[in-house]
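Trainee: sharing a sequence plus its predicted fold:
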Amino acid sequence: MTAQLNAYIHSEEAREQAAFYAQALGGEILSTMTYGQTPGTPEEIKDKVMHMVLSVAGGNIIFLSDSFGPSQRGRFISLALSYKKEEEARQAFENLSKDGTVKFPLELQPWGAYYGEVEDKFGVNWQIVTS
């Protein structure tokens with residue numbers, strides 16, 4: 001099984017935090033998706049970052065999104081695994097779900113990838129996605 005592991009940071013200010021990391025570590029924002037890009041989004045959250053991809057320090061990728069409410073330092077980080085094959089993503093999701101809690105089932109998303117979230121039995125949050 002082959003996968004890429006990325007940090008996923010949930011922030012009160014994702015854009016500001018990404019700009020800081022890009023400057024501090026040398027890098028650039030590769031893409032930004034806001035909640036306003038999805039159908040039926042309430043007006044008050046349309047500008048919030050749903051998903052941002054940041055390349056830093058020679059190509060290392062960090063994902064960021066805006067949180068809803070105050071962040072608790074050290075508690076708003078998820079580990080994101082990106083798989084090329086749906087079967088591998090499903091296997092990892094099932095394995096991590098054992099004795100854990102499925103937060104969002106692994107399902108096909110409007111942007112064309114499979115995505116799901118699980119908190120493992122140790123309390124670590126994982127996001128599983130196909131690329």
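Mentor: All right, it came through fine.
Trainee: this structure: strands as residue ranges?
Mentor: 4-11, 27-34, 49-56, 60-66, 77-83, 101-108, 114-119, 125-130 (DSSP state E).
Trainee: what bridges to H51?
Mentor: Applying DSSP bridges to H51 yields these beta-bridge partners: M33.
Trainee: over to the one 10 residues further on?
Mentor: Per DSSP bridges, residues listed as beta-bridge partners of I61: S55.
Trainee: so A3 sits against S82, correct?
Mentor: Yes. If you go by Cβ atoms under 8 Å, A3 and S82 touch, sitting 6.6 Å apart. The C-beta positions use only the backbone N, C-alpha and C, and glycine is treated the same way.
Trainee: lowest-scoring secondary structure element of the chain by mean pLDDT?
Mentor: strand 77-83 (a mean of 85; mean pLDDT, DSSP states H and E).
Trainee: can you list contacts of that one?
Mentor: The contact list for strand 77-83 (Cβ atoms under 8 Å, 6 or more residues apart in numbering) reads 2-10, 63, 89, 92, 117, 124-131.
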